[in-house]
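Novice: take a look and give me a structure for this.
(4 chains)
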Protein chains: 4
Amino acid sequence: MNFEYNQKTKDLLVTLKAFMAEHIAPLDKEYVEWTSRNLWQVHPAMAGLKEKARAAGLWNLFLPEEYGEYSPGLTNLEYAPLAEEMGRYLWSPEVFNCNAPDTGNMEVLAKYGTPAQQQKWLAPLLAGEIRSAFLMTEPEVASSDATNICTSIVRDGDEYVVNGRKWWSTGAMNPDCKVYIVMGKTDPDAARHEQQSMILVPADTPGVRIVRPLDSFHTHDSPFGHAEIELKDVRVPLANIILGEGRGFEVAQGRLGPGRIHHCMRLIGASQRSLELMCARVKSRTAFGRELSKFSSIRQEVARSACEIEQARLLTLSAADKIDREGIKHAKELVSMIKIVAPMMAQTVIDRAIQAHGGMGVSSVDTPLAAFWAYARSVRLADGPDEVHMFQLGRNVIGR
Amino acid sequence: MNFEYNQKTKDLLVTLKAFMAEHIAPLDKEYVEWTSRNLWQVHPAMAGLKEKARAAGLWNLFLPEEYGEYSPGLTNLEYAPLAEEMGRYLWSPEVFNCNAPDTGNMEVLAKYGTPAQQQKWLAPLLAGEIRSAFLMTEPEVASSDATNICTSIVRDGDEYVVNGRKWWSTGAMNPDCKVYIVMGKTDPDAARHEQQSMILVPADTPGVRIVRPLDSFHTHDSPFGHAEIELKDVRVPLANIILGEGRGFEVAQGRLGPGRIHHCMRLIGASQRSLELMCARVKSRTAFGRELSKFSSIRQEVARSACEIEQARLLTLSAADKIDREGIKHAKELVSMIKIVAPMMAQTVIDRAIQAHGGMGVSSVDTPLAAFWAYARSVRLADGPDEVHMFQLGRNVIGR
Amino acid sequence: MNFEYNQKTKDLLVTLKAFMAEHIAPLDKEYVEWTSRNLWQVHPAMAGLKEKARAAGLWNLFLPEEYGEYSPGLTNLEYAPLAEEMGRYLWSPEVFNCNAPDTGNMEVLAKYGTPAQQQKWLAPLLAGEIRSAFLMTEPEVASSDATNICTSIVRDGDEYVVNGRKWWSTGAMNPDCKVYIVMGKTDPDAARHEQQSMILVPADTPGVRIVRPLDSFHTHDSPFGHAEIELKDVRVPLANIILGEGRGFEVAQGRLGPGRIHHCMRLIGASQRSLELMCARVKSRTAFGRELSKFSSIRQEVARSACEIEQARLLTLSAADKIDREGIKHAKELVSMIKIVAPMMAQTVIDRAIQAHGGMGVSSVDTPLAAFWAYARSVRLADGPDEVHMFQLGRNVIGR
Amino acid sequence: MNFEYNQKTKDLLVTLKAFMAEHIAPLDKEYVEWTSRNLWQVHPAMAGLKEKARAAGLWNLFLPEEYGEYSPGLTNLEYAPLAEEMGRYLWSPEVFNCNAPDTGNMEVLAKYGTPAQQQKWLAPLLAGEIRSAFLMTEPEVASSDATNICTSIVRDGDEYVVNGRKWWSTGAMNPDCKVYIVMGKTDPDAARHEQQSMILVPADTPGVRIVRPLDSFHTHDSPFGHAEIELKDVRVPLANIILGEGRGFEVAQGRLGPGRIHHCMRLIGASQRSLELMCARVKSRTAFGRELSKFSSIRQEVARSACEIEQARLLTLSAADKIDREGIKHAKELVSMIKIVAPMMAQTVIDRAIQAHGGMGVSSVDTPLAAFWAYARSVRLADGPDEVHMFQLGRNVIGR
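Specialist: Have a look, this model is predicted:
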């Protein structure tokens, strides 16, 4: 539990902050407007930004060092403050090849992929040349209980045949999205946690149909998007299975831990920036004869926000550190804790910042707050809703 | 404080519910999608629906009987449950000519307008032939303190010249919006509450420029919209002043009371429908081997929501009744109370319903919840933010 | 739902307020100190106060008119504001023979008692000559689920033999407490809600042993107290059963409805007085150069408290009215609602008042706030904990 | 920010836990009852326990190493988990000579005392032979703003004459309390933060009068107590001033930082034990056919409590670490944060545990929960109320 940033982290943070100031912040407003007007297209500046990030050594920072050659060698704890920094601009993580869901998918392939799978999909993902999606949630069942997932994966000769309907498949609207990791049932009669498998499905496989993009609180997260996808008699080679039949839960568990940390760190960055915007705002406005910053109620909200952000930051660092030192399995409770705490904290802190901005605060163009809010709100549902994490954490704490 | 619905209200409620079931509910999904794709256009079905509503006696129900011939003769208390019913579908109030901001503007003209003003603007508004906007909030000042409003209205011969910039001018994007009520300063040197005046500005007056539409949490509220408007050397006849110079606050107070009630009643309707959707949802899904409706945490959220809705409903009825019996001035504290209570209650109740729907809950198309939420959230800022109402109510309660 | 106080209520309220001002308020401090120093003794002034209250027509006001000759003829709705007034001084209800648990016990006897039971116990209770207790909760089981109650009531010849252990038997420490209503199982094999019965046990029956008084947050509620009681081979005549074997739930339901209303109204009175004390306090103190009443955070707390009190008041009146007009069965949901809402509201409002008083606020002698808080906190557990009411209300709302 | 317990801490924690299990836990119930029956007397076992603690090397652990010979040499960070452990039994800190307010007073004397002052008062305090009190808060002013403190300290020849009234003087009821540190004004005309001074007043000085003990939510904290004290023409030698005239604020700031950490750590211990009691309770009871531990609402409360405790713990360790590494001045914001966060967190967590215990939870004898709650609630007012910390922290965060 040594949360002090080490020299490596400090150096990278300096580089990253400089990069954000030089390349991201000035482009922000234009980027947000362009992507809202040009749905499902990649902003023309993105490729160049990626080049620059790579040149600056700010590439694939999320990938832990156990994944060898591709990894810049950061622990989760070292990566955490960098992810926080990226969270200050919602679209910036892709510039550093550090965006969900690709990070999680790359980790899966790096950890469980065969050399052939890695060569075909991991290499171009790590190079930022293609994008990917993760097809888990289904519209017909309470996917919060992953054992409910009912897409079928049936072996037929030297192929698997996939049938089902997925939604909230983040990234699948991106024109560069070339591959899906799909979760489905290979054996409905197996033990409860051995029915599911993960399988690779190229996006252009016949039978794959994008039904529609979904929005989250009217935001589209373009160019990534959240797709509803129909899979009808989709055939892929047997070699596309990940880790083996019935091991879907094992893969999911390995995938979700660090991914949750990343979401939480980004939310802390978004919250911190929201608080800073709020502070600037209340210094600039006067009501009833006093600067807003002098009202005790405003100060209480600022103080509460500062306390809540700092607590969530420490808890997330603590979870990252535990993963690094003892592995994801032993960090399970801490990961549940931050997944419960950080999105709700962010929702609250951002809401206060919105209120302090008056009408300006709800406009999607004039501040990032409305978009931050939509992000925080959706993470309360993504990667397991609050309720599931509390149900399991509560059970574990009681059982100790 | 007799909140029992009388026979007149009960009969109208039966008629209104039947109308909603026959004409509004079936069109809802199509209407929402059409307007999101055809910004700033009026849906082709609207005119016909208005005809039908008028024929059914469901027209201008909001207008209190003291306004004579135009009024269907309902008290605020009688109107309240009807407004709640309309709140179940966000776009439905216009069908009954009961939508903000036109209702408030009609009340202003009915109460304070000269016969000429009434003939020119009130008559077509009451007939639903034109729409209007209310230009109060300004981007450059904390408009929560209305004495900050700094648009200038300067007398020049037999005209007033208006200069300023407004935003969050709801309704001004509507192609049928023909007139604005503008608040601005006629005398910056007068006593603090006598500097401001209200003036009528036709939308096509030279110098009026729609800068842009604003969105609220990425929603556009089309066809009404929320405009940012520049007023540059805009000239209108002296006869366009409402009630007289320096009486802007008096008009604003008279305008805002019932308008706040209407917002709150609609929010109660939106909350009630959200709770019903939540109840239906938790009966239809199973996780960890049990129907969601059987989890005690879900039941607690349903129970809390039911308690909060019922309390807000009673408080709003109480405020409506007080306005009816003692006038808006004596009801000031109760009106502040509902303005503090109802939007926050709605935000909370709707948020719970969203969570119970999982991913479906955040999509703007699959349920009305995301749109309800954006509405509730913005009303916490509209017509005076929570903070101003609490500041004044707190002062009054302490001073008693 | 006509909540307007009628003339009868208004007149009684004037009389009651005058009585409180003349007889209760001046004695308050002395009474509280005396009873804390003289546990389980009746304050010497009590008998005289009762005489005066009776003479003033302020006697047994709680008893609904369907109970005939003894009743002053008030509906629950008419009684509600009087109970609120009594709630401003915790010990005052006894003065008017309107204190728990005697009111509930009197209602049971008036409603379900045989003429003999009524003559023996109801008459002296209504006269305020004796006190009673209600023995339901047990230390060994989760009594929140009343079917868990396991005291046995076994028929043996012409007697019932009672064995069990009860606690939180409010009133049983009072030297004037002469009779208990005991809930226990007559038939463990009957259907789930027909196993329990209510039986009258005179306090001096052999086998009854007061184990100890319990305190609630270090308060003793003397002279009433909350006793732990052992019942060992306690024998009473068959005629002591109330309504008949297996009808304990029926009696409990009838007993608890109005009792919950009374608690909630008193809590509203306690909350209202707390808010008034808070308002007086913040006008009298200055910090950082400003009167506390001018801090916006203080005003927000006052405003929120006023909103919450008024909402809880309206909801309770609504429940009282429903009981009057449609009977306790149809009012079940509203009664659950106020039981969920009012104690939590009171706890919150009183906590704010405590905070505004600084150190003075936590002292049990300098203000009534600490005692109010302990009362509010315990009612969240008494007569069914919050959780049970939410569990059942949630189920009902979902099931509609 | 290395929060990992080092070997020294781990070893001491093992020793301390063994001591608690052997000597404190078994005596707890008896001790609590004895002291509530024998107000203002020291329990006969205390002296022996102190001996044992000293022999075990568990003595004066709070005293940082910069205070030389007396100190066992622990940093604040090293001491924190030990203080947490002591917080599990409210009366245990005295056994280790680690109880408020003596710890703070000893720090003041160690840091600012003259050799003569140290010899006379610090030595016996460190030996646990006498006790002390800190007289700051006054009944007549809002002491939350310490500049309001108006006790006068006037120089008269070679003495100071002290006049004023203090309350909430913790520890002053203890028969072993021999000395007070009194805050008062030496120069009402000096700059705002240079008017106040601290002075040593022996408890037996003529003119000192204990007016009465105060209770906090009906608890007496015997034998320490919280006294109201009148100081009337109390004369002490000039040498009794601490650090010099006008330096009261400087001393107060130095005193309060670590003291707040200690309170917070103890509250975290109390919260942790409350959660453990809650977990045990919900495993032991059944309602509506299910063990309470299986209700999702119970699990949510347990999960939330676990999250909140862990966050407060990390934040407090972070503050302790900052004091150690950069001094109290630079840690000011973190100290404000924990003072805002920890007591409110404790109040919430303990309240949930109380609710889960049903009636048992509010009894002061059957569990420590009611006493824990009263402690947590009072700390929200002690050492600066929440509002003052939020006011200052908010100002600082905005000002960055």
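Novice: now the helices for the stretch 251-400 of chain A?
Specialist: In the stretch 251-400 of chain A, the segments counted as helices under DSSP state H, counting those that start in this stretch are A:296-326, A:332-356, A:369-379, A:386-399.
Novice: in a markdown table, list those along with mean pLDDT, mean neighbour count and distance to chain C.
Specialist: Every C-beta, even on glycine, is put in place using the N, C-alpha and C of the backbone. A markdown table is the format used below for those (pLDDT from 0 to 100; neighbours: other CB atoms under 10 Å in any protein chain shown; distance: least, CB to the nearest CB, whole Å):
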| stretch | mean pLDDT | mean neighbour count | distance to chain C |
| --- | --- | --- | --- |
| helix A:296-326 | 96 | 24 | 4 |
| helix A:332-356 | 97 | 25 | 12 |
| helix A:369-379 | 97 | 25 | 22 |
| helix A:386-399 | 97 | 21 | 15 |
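Novice: how does chain A divide up, domain by domain?
Specialist: A:7-126, A:131-246, A:249-399 (automatic domain parsing).
Novice: what's the end-to-end length of the longest one?
Specialist: So that's domain A:249-399. Across domain A:249-399, the terminal residues are separated by 23 Å (CA to CA, to the nearest Å).
Novice: so which of the domains of chain A is the most surrounded?
Specialist: Counting by mean count of other CB atoms under 10 Å in any protein chain shown, domain A:249-399 has the highest mean neighbour count of those, with a mean of 23.
Novice: is any part of it close to chain B?
Specialist: Yes - on the criterion CB under 8 Å from any CB of the partner chain, domain A:249-399 is in touch with chain B at A:285-288, A:292, A:295, A:297, A:354-355, A:358-366, A:370-371, A:373-374, A:377-378, A:380-381, A:385-388, A:390-391.
Novice: show me what the host helix or strand of residue A:236 is packed up against.
Specialist: Using DSSP states H and E, residue A:236 falls within strand A:226-237. The contact analysis (3 or more CB pairs under 8 Å, 6 or more residues apart in numbering or on different chains; DSSP states H and E) places strand A:226-237 against strand A:131-135, strand A:159-170, strand A:196-202, strand A:208-214.
Novice: just how off-centre is that strand within its chain?
Specialist: How far strand A:226-237 lies from its chain's middle: 22 Å, per CA atoms, centre = their mean, to the nearest Å.
Novice: for it, which strands pair with it and how are they oriented?
Specialist: According to DSSP bridges, strand A:226-237 forms sheet pairs with strand A:159-170 (antiparallel), strand A:208-214 (antiparallel).
Novice: got the angle for it vs strand A:131-135?
Specialist: Counting by axes from the mean of the first three to the mean of the last three CA atoms, to 10 degrees, strand A:226-237 lies at 90 degrees to strand A:131-135.
Novice: can you tell me what sits against strand A:226-237?
Specialist: A:133, A:135, A:139, A:151, A:156, A:158-170, A:172-173, A:180, A:182, A:199-202, A:205-216 (CB atoms under 8 Å, 6 or more residues apart in numbering or on different chains).
Novice: please convert the domains of chain A to JSON lines, extending it with distance to residue D:330.
Specialist: Formatted as JSON lines, the domains of chain A follow (distance: least, CB to CB, whole Å):
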{"stretch": "domain A:7-126", "distance to residue D:330": "19"}
{"stretch": "domain A:131-246", "distance to residue D:330": "41"}
{"stretch": "domain A:249-399", "distance to residue D:330": "15"}
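Novice: one step back: can I get the strands paired with strand A:226-237 in a markdown table with mean pLDDT and distance to residue D:21?
Specialist: Below are the strands paired with strand A:226-237 laid out as a markdown table (pLDDT from 0 to 100; distance: least, CB to CB, whole Å):
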| stretch | mean pLDDT | distance to residue D:21 |
| --- | --- | --- |
| strand A:159-170 | 98 | 51 |
| strand A:208-214 | 98 | 56 |
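Novice: a markdown table for these, including distance to residue C:50?
Specialist: Output for those, formatted as a markdown table (distance: least, CB to CB, whole Å):
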| stretch | distance to residue C:50 |
| --- | --- |
| strand A:159-170 | 68 |
| strand A:208-214 | 69 |
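Novice: next SSE after the helix or strand containing residue A:47?
Specialist: Following DSSP H and E, one finds residue A:47 within helix A:46-55. Heading C-terminal from helix A:46-55, the first helix or strand you meet, by DSSP H and E, is helix A:76-86.
Novice: now that next one against helix A:296-326, angle please.
Specialist: Angle of helix A:76-86 versus helix A:296-326, following the same axes, to 10 degrees, is 150 degrees.
Novice: against which helices or strands is the helix or strand that comes right after helix A:76-86 packed?
Specialist: Toward the C-terminus, helix A:76-86 is succeeded by helix A:102-112 as the next helix or strand (DSSP H and E). Counting contacts by 3+ CB pairs under 8 Å, 6+ apart, helix A:102-112 packs against helix A:123-126, strand A:131-135, strand A:241-242, helix A:248-284.
Novice: show the average pLDDT along helix A:102-112.
Specialist: Taken as a whole, helix A:102-112 has a mean pLDDT of 95.
Novice: and if you look at stretch A:252-267?
Specialist: 88.
Novice: briefly note if it comes near chain D.
Specialist: No - contact between stretch A:252-267 and chain D is absent, the nearest approach being 12.3 Å (criterion: CB under 8 Å from any CB).
Novice: out of the helices and strands packed on helix A:102-112, nearest to residue B:328?
Specialist: Nearest to residue B:328 among those is helix A:248-284 (31.6 Å), distances taken as CB to CB.
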